[in-house]
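Engineer: What follows is a predicted structure for the sequence shown.
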Amino acid sequence: MSVDAASPEARKELLRAQRAGARLAAVQELYQMEQTEQGSLAVIRDFLDDRLGLDDDGAPVEEADPDLFKAIVSGVVEHQESIDAAIIARLANGWRLERIDATSRAILSSAGYELNYDI
């Protein structure tokens with residue numbers, strides 16, 4: 001059944017799954033960027049080509065919204081300073097951002113961007 005022929009509930013669930021996939025991919029790429037010191041453009045290109053690309057039949061390799069993925073990764077990079085400041089303001093006294101592990105920082109940055117900017 002095509003997406004267009006699917007019920008409204010099925011379309012809604014597909015959209016939810018694609019957005020969830022994009023969020024997961026964005027967190028993975030933000031983590032990768034921190035670990036490898038690659039720039040966002042290279043990471044986005046590689047991820048779109050290798051993981052969010054198309055298989056031999058032209059079907060998506062992974063169900064994820066590529067536009068949301070790009071928006072989150074690019075937005076976090078663009079607004080990193082203000083996102084970090086917002087996170088730091090909510091940390092317990094004496095905590096520094098560097099004390100939070102890289103995976104958690106990627107999750108917090110991604111969520112902070114999505115909550116504070118209209119995407």
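Structural biologist: Perfect, I can see it now. Keep in mind that what you see is a predicted model, and the values were worked out from it rather than measured. Numbering: from 1, shown residues only.
Engineer: Could you give me the buried positions within the lowest-mean-pLDDT helix or strand in the chain?
Structural biologist: The helix or strand of the chain with the poorest confidence is helix 40-50; it has a mean of 80 (mean pLDDT, DSSP states H and E). For helix 40-50, the neighbour count (16 or more other C-beta atoms under 10 Å) marks 40, 43-44, 47 as buried. (Each C-beta comes from the backbone N, C-alpha and C, glycine too.)
Engineer: What is the nearest of those residues to residue 11?
Structural biologist: Using C-beta to C-beta, residue 47 comes nearest to residue 11 of those, at 25.3 Å.
Engineer: So which residue is smack in the middle of the chain?
Structural biologist: What sits nearest the mean C-alpha location of the chain, by C-alpha atoms, centre = their mean, is residue 26, with 2.1 Å.
Engineer: Please name every helix or strand in contact with the lengthiest helix in the chain.
Structural biologist: In the chain, with assignment by DSSP state H, the single longest helix is helix 8-36. Applying 3 or more C-beta pairs under 8 Å, 6 or more residues apart in numbering; DSSP states H and E, one finds that helix 8-36 makes contact with helix 40-50, helix 66-78, helix 102-116.
Engineer: can you give me the angle that helix makes with helix 102-116?
Structural biologist: 130 degrees (axes from the mean of the first three to the mean of the last three C-alpha atoms, to 10 degrees).
Engineer: Run the chain-centre distance for helix 8-36.
Structural biologist: Mean-position distance between helix 8-36 and its chain equals 6 Å (C-alpha atoms, centre = their mean, to the nearest Å).
Engineer: which parts of it are buried?
Structural biologist: Using 16+ other C-beta under 10 Å as the test for burial, helix 8-36 gives 18-19, 21-23, 25-33.
Engineer: now these in a markdown table, with distance to residue 94 and pLDDT?
Structural biologist: Formatted as a markdown table, the buried residues of helix 8-36 follow (distance: C-beta to C-beta, whole Å; pLDDT from 0 to 100):
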| residue | distance to residue 94 | pLDDT |
| --- | --- | --- |
| 18 | 40 | 88 |
| 19 | 36 | 91 |
| 21 | 37 | 88 |
| 22 | 35 | 90 |
| 23 | 30 | 93 |
| 25 | 34 | 89 |
| 26 | 30 | 93 |
| 27 | 26 | 94 |
| 28 | 30 | 90 |
| 29 | 31 | 92 |
| 30 | 25 | 95 |
| 31 | 25 | 93 |
| 32 | 29 | 90 |
| 33 | 27 | 91 |
